[in-house]
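Peer 1: Predicted model and sequence follow; I will ask about them next.
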Amino acid sequence: MSANATIRHLPDRATSLLLNLGHAIDHLMLLIFATAVGAIATDFQLARWEDLMPFTVGAFFLFGLGSLPAGRLGDLWGRRAMMLIFFFGIGGAAILVAATQNAWQLAAALTLLGLFASIYHPVGIPMLVQGSAKPGFTIGVNGLAGNLGIALAALSTGFLVKHFGWRVAFVVPGLVSIACGALFALMVPRESMAPAKRKPVLVALPPALMARVFLIITLSATSSSLIFNFTTNGNGELLRERLAALIADPATIGALLALMYTVASLMQLVVGNLIDRYPLKLIYLPLVLLQIPAFLAASSVDGWSFYALAVIFMALVFGAIPFTDAMVVRYVDDRLRSRVAGARIAVAFGISSVAVYLLGPIVKASGFGFLLLLMGGIASLTALAVACLPGDVPKPVATSR
């Protein structure tokens, strides 16, 4: 493939900016509920916030399962069209959540939101990295944008819930998403052909090696996603418990949560740069191993000591995120990336949605200390999977066609 042909596939700055904003919106929408759950439980006259958590499992289950059809449509129909559905769909679903009047209506609306949220990862990331000379750094920047969306969810939701109510906390980002969809339609050029119809760029790895890599990445992504869901959905209430003697104001807790996520997100830029320079296993394994003592230490402290440890373990959790996308980019041709990413995400996110269902019951029965110990155990399973990765898999070579 010629250099000029590669350049034509590179997204322009407006497209890249909107795709990164899409990642921020995707994660922001999924975390509004976790930050506002206390206020919603009170509004719906439930005694404890933990009792409301199982009603959001449908959103996270479809966030995973919906990646299969989304990835297939992205490759065979077109990524631009799917991203338009993402922006308008998730925005409309967020506004629908704000209109719900009881827990079951909330569950249905959140499930619809999860379905539209499932589009981004198998479609938006492959669209962003196609033709990129430094895919690791591109994924790192995109991961930073996604995690800043998590931080913004904590900050904006805390503020909006305090001053305007939890419903407005869904309406405002819903309208922002719809506006981004309109900009995407106006500014992003139409695709000349669907990705699946383009000429191949990479020669595939041997089937046995590709199967091994895919299995290990899916296993490690599943366990990592369990930790991601436990932390991002539980951190708001966790901070309220561990900082109760120091801070009670929900807006201040939201600001501290946003600061924690913002600082931790910077790890993705570091990791993204390293991915382009070194074998993935050499970077991935130490990050996962360090999660274990961080979770164990955090389980037995509170106050500012806990907050410092929380920043550390979230930096390690966020730092591990880019690896699965980097593997797909490195070893899968662009014509197939949305489908392969969709299959991996469907398994990993579908299974890890159980974390959202179990979060409330686990904390209600055993407390956050046990949850942190459990996450340390899950991190050890992730490390075992990553340890089985090949040390230095040869990179696929470009075709001459």
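Peer 2: The structure has been received and is ready for your questions. Residues are numbered from 1 along each chain as shown.
Peer 1: what's the distance between stretch 356-376 and the middle of its chain?
Peer 2: Relative to the centre of its chain, stretch 356-376 is centred 21 Å away, using C-alpha atoms, centre = their mean, to the nearest Å.
Peer 1: buried ones in it?
Peer 2: With burial defined by 16 or more other C-beta atoms under 10 Å, the residues of stretch 356-376 counted as buried are 356-360, 362-363, 368-369, 371-372, 374-376. In short, each C-beta sits where N, CA and C put it, glycine included.
Peer 1: average model confidence for the host helix or strand of residue 341?
Peer 2: Element membership of residue 341 [criterion: DSSP states H and E] is helix 337-352. Throughout helix 337-352, pLDDT has a mean value of 81.
Peer 1: who touches the next helix or strand after that helix?
Peer 2: Heading C-terminal from helix 337-352, the first helix or strand you meet, by DSSP H and E, is helix 354-366. The set of residues external to helix 354-366 that reach it, using C-beta atoms under 8 Å, 6 or more residues apart in numbering, is 48-54, 56-57, 59-60, 225-226, 229-230, 233-234, 237, 370-371, 374.
Peer 1: what's the spacing between the helix or strand just after helix 354-366 and its chain's center?
Peer 2: Downstream of helix 354-366, the first helix or strand assigned by DSSP H and E is helix 368-387. Remark: helix 368-387 is offset 19 Å from the chain centroid, using C-alpha atoms, centre = their mean.
Peer 1: So for residue 210, what's the pLDDT?
Peer 2: Per-residue confidence for residue 210 comes out at a pLDDT of 72.
Peer 1: repeat for residue 301
Peer 2: Among the per-residue scores, residue 301 holds a pLDDT of 93.
Peer 1: Report the secondary structure state of it.
Peer 2: When the structure is reduced to helix, strand and coil (DSSP: H, G, I helix; E, B strand; the rest coil), residue 301 reads as coil.
Peer 1: Dihedrals phi and psi, it?
Peer 2: phi -130, psi 160 (degrees, to the nearest 10).
Peer 1: Next up, the contacts around it.
Peer 2: Each residue near residue 301 by C-beta under 8 Å, 6+ apart is listed here: 242, 309.
Peer 1: how close does it get to residue 64?
Peer 2: 33 Å (C-beta to C-beta, to the nearest Å).
Peer 1: Next: residue 207.
Peer 2: 25 Å.
Peer 1: Which residue of those two possesses the greater neighbour count?
Peer 2: residue 64 (24 against 8; other C-beta atoms under 10 Å).
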